[in-house]
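[1] sequence isn't available, so here's the structure alone:
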């Protein structure tokens, strides 16, 4: 009976492996497939008997067939680990997305700062041109304002304040 039990467990392991559930994935959630198949044995004693009779059965099932043998005692912790793994994967994807968006934001800030530098230079050039023009208009004995004041004096008119 023990030999038949072991043969039945091994056949079930091979049968599950042949179905290749990981390749099918979860249609509802793309890219969420587990990399192996879980073989649930509801009878804890049956699993323990098989593992006691063949101590390498669990490792062979996992390494050769990508099948994990679980019972009621191990199913919930395994499912919890799977849930935590998927949560961590989502967090990692979110972190990657944040990093990508941060890199794009930094690029845009660099372009904005470059634009501000160009604008600042153009404003400084415009201010210099304005200051130079106002100097020609107001300062020195040859300025336009001083020349206008002299013409007014020669014409005998009282000149309004021409200084800007």
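    Ah, there it is. The structure displayed is predicted, hence computed values, not measured ones.

[2] hey, which helix or strand in this protein has the poorest pLDDT?
    Lowest on mean pLDDT, DSSP states H and E among the helices and strands of the chain sits helix 21-24, with a mean of 76.

[3] and that one, what other elements does it pack with?
    Counting contacts by 3 or more C-beta pairs under 8 Å, 6 or more residues apart in numbering; DSSP states H and E, helix 21-24 packs against no other helix or strand. (Glycine included, C-beta is placed from N, CA and C.)

[4] tell me if I'm right that residue 12 and residue 38 touch.
    No: checked against C-beta atoms under 8 Å, the pair residue 12 and residue 38 is beyond contact range at 12.0 Å.

[5] residues in contact with the least confident helix or strand of the chain: which ones?
    33, 34, 35, 36, 37, 66 (C-beta atoms under 8 Å, 6 or more residues apart in numbering).

[6] check pLDDT for those residues and point me to the minimum.
    Within the contacts of helix 21-24, residue 33 has the lowest pLDDT, namely 65.

[7] from the contacts of helix 21-24, which land in helices?
    With helices taken from DSSP state H, there is no overlap with these.

[8] name the nearest of these relative to residue 2.
    Among those, residue 37 lies closest to residue 2 (C-beta to C-beta), at 24.5 Å.

[9] how many residues are close by the closest one?
    17 (other C-beta atoms under 10 Å).

[10] give me the phi and psi for residue 143.
    Backbone torsions for residue 143, taken as degrees, to the nearest 10, come to phi -70, psi 160.

[11] which residue packs closest to it, ignoring adjacent ones?
    residue 137 (6.2 Å; C-beta to C-beta, 6 or more residues apart in numbering).

[12] can you give me the offset of the helix or strand where that neighbour lies from its chain's centre?
    Using DSSP states H and E, residue 137 sits in helix 72-138. With C-alpha atoms, centre = their mean, to the nearest Å as the basis, helix 72-138 stands 12 Å off its chain's centre.
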